[in-house]
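Participant: Need a 3D model of the sequence below.
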Amino acid sequence: MNKTLLPIRLVFIALCTAAGWLVCYAIADWDAYRPRAAFMGLSIGVLVVLVDVMLKGFSLRGLSAATFGLGVGALIAYLLSTSPLFESADRDNLYLARLALFLICTYLGTVIALRGKDEFNLVIPYVRFVPHEVDVPLVVVDTSVLIDGRIAKICETGFLSSALVIPRFVLKELQAVADSQDPIKQARGRRGLEVLAELRAIKKLDIRIIESEVTRHDEVDAKLIFLATSMRAKLLTTDYNLAKMAEFQSVPWLNLNLLAKSLQPELMLGEHIEVELLKPGKEEGQAVGYLQDGSMVVVSAGRAHMGRRVSVEIVSVIPSAGGKMIFARVPGADHAA
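Facilitator: Below is the predicted model of the structure:
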C-alpha cells in the first residue's frame, strides 16, 4: 500500500507546484511572483500530504462520526446565532459571536461524535444506528462448521467471544446441499440450516451476514480465504483441505476437532471408565471397545461382557499413532474366574 501511495503523493505535490506556477498566467501583473507562487503551491501540497500521513489511522467510521459531529455542531451554532439572544447585538460583535459559536460548537460536536463513534454506524446517504462493537475479533464460518453442529453448543457456553461472519455464498451453498436429491446430503444440509437457526436464537451472539459475493473468485474455498484475509479475520472450518490452504496463505484458522480433543480429560491409572465392548481382542479372554475420541480400550477378561457397556479400571495407557491405546480390566473379573 505504501509503495502505491508514494508516487501518488509525489504526483500530487508536483501538480500543486505546477498549479501555483500557472496561477500567475491567469492574473495580470503576477509574472514576477511565479517562483513565489510555485513555492506556495509546493508548500500546500506538502502540507496536505503531511495531514494525510497524520490521518493514517483514521478509519471510515471515524470520518463518518466527524462529519456527523461537524453537521450537528454547525446546526446548533446556526440556531443559537439566529435566536432572539442576538437580535440587539452590534453588527461587528454579532459577527465575532457567530464565529466563536461556530468554532466552539463544531469542535465539541466533532469530539463528542468521535468519542461515541462505536455506538453508531453512519451509512451514506442515510443514517443507520447499529449497536456493533468495532474492535471485536471476526471469525469467518465455513459450511462444514454449520453442518458439523458443534459450533452452536460452543457459542451457547459463551467461550467464543468473536463475531461470526457468515458470507451469503456460504448460505447459498448450504441451501444447495439441503435441496440435493441425495438423501444423505439433504439431511446434512438441513442439519446445517437447523444449526443456523440455533445460532440466531442465542442471545448476545454477534452474527454478521456478509452480502459480498467476492466475484474475483469462483470456488467457495478461495472466496473464504480471500474474505478472511481482507477482513483480517480467522477462518473456522472442519474441512482439512481448506484448513491447509488457509495455513499455506498465512490465514489463521480454528480447528473444532482439535478443540474437542483438547477438552478430553486425561486418563489416569486406576480410574474407572465406561466402555461398550464391541469385539474380541487378540489375546484369550480380551474384548475391545472405543471411547468417543476413537481411543481403543483393550479389556482383559472382558469377552464374557461383549455387547454390553461395562465399567472398567485402567491399568495402563500407551500413546499410539491413532491416539491412545488403553488397557483395562473388569473389576472383580479375575476373582470370579
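
Participant: Can you show me the helices along this protein?
Facilitator: In the chain, the helices defined using DSSP state H lie at 2-26, 34-54, 60-81, 91-115, 143-148, 150-157, 168-178, 183-201, 220-231, 240-248, 256-262, 333-336.

Participant: Tell me which other helices or strands the fourth one touches.
Facilitator: By that I understand helix 91-115. helix 60-81 (3 or more CB pairs under 8 Å, 6 or more residues apart in numbering; DSSP states H and E). From N, CA and C alone the C-beta is placed, and that goes for glycine too.

Participant: List the strands paired with the longest strand along the chain, with their directions.
Facilitator: In the chain, taking DSSP state E as the definition, the longest strand is strand 309-320. Using DSSP bridges, the strands paired with strand 309-320 are strand 272-280 (antiparallel), strand 323-329 (antiparallel).

Participant: Mind checking these for the one nearest to V72?
Facilitator: Evaluated over the strands paired with strand 309-320, closeness to V72 peaks at strand 323-329, with 62.4 Å, by CB to CB.

Participant: Which positions within the closest one qualify as buried?
Facilitator: Judged by neighbour count (16 or more other CB atoms under 10 Å), strand 323-329 contains these buried residues: K324, I326, F327, A328, R329.

Participant: Now do that strand, average pLDDT.
Facilitator: Averaging pLDDT along strand 323-329 gives 82.

Participant: Just the C-alphas of it, formatted as CSV.
Facilitator: Only the C-alpha atoms of strand 323-329 are listed here, as CSV (Å, rounded to 0.1, in the frame of the first residue of the first chain):
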residue,chain,number,x,y,z
GLY,A,323,-4.4,-41.6,19.6
LYS,A,324,-4.2,-43.7,22.7
MET,A,325,-4.4,-47.4,23.4
ILE,A,326,-5.8,-48.1,26.8
PHE,A,327,-5.5,-51.4,28.7
ALA,A,328,-8.1,-52.1,31.4
ARG,A,329,-9.7,-54.8,33.4
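
Participant: Tell me which residues are up against that strand.
Facilitator: Contacting residues not belonging to strand 323-329 are listed as 267, 273, 275, 291, 293-302, 312-319 [CB atoms under 8 Å, 6 or more residues apart in numbering].

Participant: how about 7 Å then?
Facilitator: Strand 323-329 is contacted from outside by 267, 293-301, 312-318, using CB atoms under 7 Å, 6 or more residues apart in numbering.

Participant: what's the burial count for L146?
Facilitator: When neighbours are defined as other CB atoms under 10 Å, L146 has 28 of them.

Participant: Now do the end-to-end distance for stretch 285-292.
Facilitator: Terminal residues of stretch 285-292 lie 24 Å apart, using CA to CA, to the nearest Å.

Participant: Report the distance from that stretch to the chain centre.
Facilitator: Here stretch 285-292 is found 43 Å from its chain centre; the criterion is CA atoms, centre = their mean, to the nearest Å.

Participant: Please list the residues outside that stretch that contact it.
Facilitator: For stretch 285-292, the surrounding residues in contact (CB under 7 Å, 6+ apart) are 275-281, 296-303, 305-306.

Participant: Give me the below-cutoff pLDDT ranges for the stretch 151-300 of the chain.
Facilitator: Low-confidence segments of the stretch 151-300 of the chain (pLDDT under 70): 211-218, 261-265.

Participant: Kindly recompute the last result at 90.
Facilitator: 151-178, 180-189, 191-192, 195-286, 290-297, 300 (pLDDT under 90).

Participant: For T238, which non-adjacent residue is spatially closest?
Facilitator: Spatial nearest neighbour of T238, excluding adjacent residues (CB to CB, 6 or more residues apart in numbering): S144 at 4.5 Å.
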